[in-house]
Each structure stands twice: as structure tokens, then as C-alpha cells.
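J.: Need a 3D model of the sequence below.
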Amino acid sequence: MRALLARAAELAADHRESLADRPVARAVDPDALRAGFGGPLPETPSPPSEVLEELARAAEPGLVATAGPRFFGFVVGGALPAATAADVLAAGWDQNGFNAVLSPAAAAAEDVAGGWLKELLGLPATASAGFVTGGQAANTTGLAAARHHVLAEAGWDVERDGLVGAPRVRVIASEERHATIDRALRLLGFGTRAVEPVAAGPQGAIDVADLERVLAAGNGPAIVCLQAGNVNTGACDDLRAAREAAGDAWIHVDGAFGLWAAANPATAALLDGAELADSWACDGHKWLNVPYDSGFVFCARPDVHAAAISYRAAYLTGAGEVSGMGDLTLESSRRARGFAVWAALRELGRDGVAELVDRCCRLARRFAKALADGGAEIGNDVVLNQVLVSFGDATDAIIRKVQDDGTCWLGGTTWRGRRYLRISVSGWTTTEADVDRSAAAILRLAGQ
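T.: Numbers count the residues shown, from 1 in each chain. Below you'll find the model as predicted:
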């Protein structure tokens, strides 16, 4: 085992050391890639050392440098050194993070890291913190807590009686909401037709006056979904004004990457009023740069959070204790995610997190200026780490050229009826030189 894990670490380190120089992505023949993994299921066992080498060889052609300095797609960060090493330890320790009975160490790490996260993000210290897989699970869990609370206030036990015959719940959300909100509503039995849409302003932030109009148009139990960090523009809703407008409605904030703006003094004003919400969703594998998978759901009412999510069984010693672990998340058998999060926060500290957020925002503005100077159209106010870039009718062709070129990787999006290159600067290794090199490559390809 010692030699095997040492070799695995060596292979992983070799990959990390290659990221700055290798193409970010390469054209891959899917059939050839599958053939490397394929063949008939072996009849007999194989030595673990041989299996490891075979895996490394088979995977190499299909690895994307998402952890590298020039991957600008999907708001993806690359895992920090301490967080990566902590995840290696977590795999070696093989801890089940369901509760403190199964792993007292995992419980302690999540408890401490959860407190640090709330402090950084400006959330109430008394809020619960669940370590989930990502933004989807965080939104689903937060909205499950919202469903429980607003129906309980109306005298309905949704966990016991379901939604058939329940009072109608109003779900009020921006037309610019993230798609994971809609999927969460499907999974929770509301359906997407439950959404009462609210208009958004020029940069995608919710129109508070229209929110007031929609709220006034009906009554009954209500959940209002707000956003910190529009997936295209980075714009943040006016959380304080929306809270005032929403009255007694449950406020859920989808802050997958934008909630991290609260940790940076230069951008914290964008999150003014976030602490007044009832639940929050956030990703760790975005701006905090921890390994996959890692997300967080926070709830201002821990008892509501646990009532909506926890379950009990005679054999589950320690269940139902609002431990901050399995009682607050959707999985029973779950990775001990808190170790990597604790390590990332310990490595960066408060100043390091602020600097990481601030640097990515500055690099996004540098990206936008370089491309605008080269003749591209920038489609958004660059308030965080998101940049929308248009080359008119040639935009989609340029996206394909950039992806094939390998200097950097970015995707496309449609915003207000127009196609754009979508650039997300999220990685801790990205430098000014990486931005300049990438911008030059994009302009070179556009010139062709």
C-alpha cells in the first residue's frame, strides 16, 4: 500500500507540474479513449500496481487541464496544494462523513471549517452548515428547508403528508435564475410552472420594483429565490432591498460563486444584506479552489434544515442529532469533504481568500480590456470574474477555434439573444501572463 500510494502521488504530481505547458484540451477520439479502458472484463485479479499504471495510461489522452492556469470555462477553479493533499489523506483514511459516530475527526473538521466559512461569507454564526456535492445539492437542500418552513407555518406537514392537497406555495424567482433552481423545484415536487418570474435589469440583477409587483399580485406561503453572481455577467441581486420587499417570505440565495465576493473587501458591498436571508447555497470547487466535489448549504434555522433533510433508523447510531453532517445533507454514505475545505482555508487564511477573489476580478478586467482593445465587444460590466465577449456572427466559430487551439479553454453562452464567449477567471494559479497569452491567442484566431 505504501508504494502504491507513493506512486499515485507521483503520477498526480507529474500531471500538476505539466499543466502550465500542456494544451488545455485536445481533440480526442472517443472510441480510441474507450478502447484504452476497454476490453473484456478480466477473469482473474490483477496486481494493484499494474492496475494503477494501466489507469494512468488510459486516462492521459482524455485529461483536461481544468486545474491549470488557462482554463476559463464553467467557473472552475483548480485545487489548492493543501486541499489536494488533504483529499489524498481523506481517501487514504477512508472515512464516512455521515456522522460523528462514524468519524469524530470528519465531524470536527466540518464543524470548524463551517464556522470559518460563515465568518468569511458574512453569514450568521448560528446558521447550520451542510457539506454537499455542489451548487445543485445546495440549492435543492436549501429549498427543501424552505418548503418545510413555509408549509409548516401554514399548518401543513410536508414530510408526512407530501404536496397533494397542500397549500399552494408561491416560488418567486428572477428570469435570470440559474438552471439548478428549476431542477431543484422539479425534484422537490413543485415543478417549474410554480415559478412566478421577476424581470431582471440590464446586467441580470433582479428588478426589485418588479419583485414588489409580483409579491403584491398574490398571497400565501412564498419562497423568493435570489442570486449572488449571475452565471453570465457576475451581477448580484440587491439582497437588502429584496429582503425588505419580500416581507415574511423565505429568502434563498443561490451564491454558487458570487457569495465569495463577501470575503473580499473590494467586492463585499455587492453582498450587502446577504446575512438577512434564510438559506444560502455556495460552491467550494469554484472560487475556494478545493477538489471535487464540494459545496455548502447554510440555513438560518438549523432545526428547520434538519427537519427537512434528516432521517432515522434503528441501526443508525447518532442519526437525528443535528450533527451538521448527514442530518443536513442528502447522502448517507458520503466523503469526508471537510478535510479538504479545512486545509484550503488554513492554507489561505482570511487574507489569502480575499486576495484570491480580488486577483481573479482584476484578471477578468484585464482580459476584458485586452480583448476590447483588440476589437471585441464586451457584453457585461465586469464586476466579478465573468466576461462576455462577442465577435458578432463569427463568435461560435471562434469558440471552436479557441477550444481546438489549446492555449486556453472557454465556452459559449447566449445572453439577451446574442452569442458570446464566456470567460470565467477562477483558478488560483492564473497570472497576468496567462491572461495576456490567452487574450492574444483569441485575437489571433479571430483575425483568421
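J.: now the strands for this protein?
T.: 128-132, 170-174, 195-198, 222-227, 250-254, 279-283, 295-299, 377-378, 386-390, 411-415, 418-424 (DSSP state E).
J.: Please convert these to TSV, extending it with mean pLDDT and distance to Ala344.
T.: Just so you know, the C-beta spots here come from the backbone N, C-alpha and C atoms, and that holds for glycine as well. Below are those laid out as TSV (pLDDT from 0 to 100; distance: least, C-beta to C-beta, whole Å):
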stretch	mean pLDDT	distance to Ala344
strand 128-132	97	13
strand 170-174	98	30
strand 195-198	98	35
strand 222-227	98	24
strand 250-254	98	22
strand 279-283	98	13
strand 295-299	98	12
strand 377-378	98	31
strand 386-390	98	22
strand 411-415	97	25
strand 418-424	98	19
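J.: show me the residues around Ala194 that make contact.
T.: By C-beta atoms under 8 Å, 6 or more residues apart in numbering, the contact set of Ala194 is Val169, Arg170, Val171, Leu185.
J.: what's the pLDDT at it?
T.: Per-residue confidence (pLDDT) for Ala194: 96.
J.: Low-confidence bits of this structure, can you list those?
T.: For the chain, applying pLDDT under 70 flags the ranges 317-324.
J.: these two touch, right, Ser294 and Gly338?
T.: No. Ser294 lies out of contact with Gly338 (C-beta atoms under 8 Å); the separation is 9.3 Å.
J.: can you tell me how far Glu196 sits from Phe296?
T.: Computed as C-beta to C-beta, to the nearest Å, the Glu196 to Phe296 distance reads 27 Å.
J.: Could you dump the strands of the chain into a markdown table with distance to Arg400 added?
T.: Listed next are the strands of the chain as a markdown table, based on distance: least, C-beta to C-beta, whole Å:
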| stretch | distance to Arg400 |
| --- | --- |
| strand 128-132 | 34 |
| strand 170-174 | 31 |
| strand 195-198 | 33 |
| strand 222-227 | 30 |
| strand 250-254 | 30 |
| strand 279-283 | 28 |
| strand 295-299 | 31 |
| strand 377-378 | 19 |
| strand 386-390 | 14 |
| strand 411-415 | 9 |
| strand 418-424 | 11 |
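J.: I'd like to know which of these is closest to Ser332.
T.: For these, proximity to Ser332 was assessed by C-beta to C-beta; strand 128-132 is nearest, at 13.0 Å.
J.: by contact count, what packs against that closest one?
T.: Contacting strand 128-132 under the criterion 3 or more C-beta pairs under 8 Å, 6 or more residues apart in numbering; DSSP states H and E are the following elements: helix 104-121, helix 135-153, strand 295-299, helix 302-309.
J.: Out of these, which gets nearest to Met325?
T.: helix 104-121 (5.9 Å).
J.: and stretch 66-81, how far out from the chain's middle?
T.: Per C-alpha atoms, centre = their mean, to the nearest Å, the displacement of stretch 66-81 from the mean C-alpha position of its chain is 13 Å.
J.: quick one: the helices in the stretch 201-350 of the chain?
T.: For the stretch 201-350 of the chain, the helices defined by DSSP state H, counting those that start in this stretch cover 208-216, 239-246, 302-309, 338-373.
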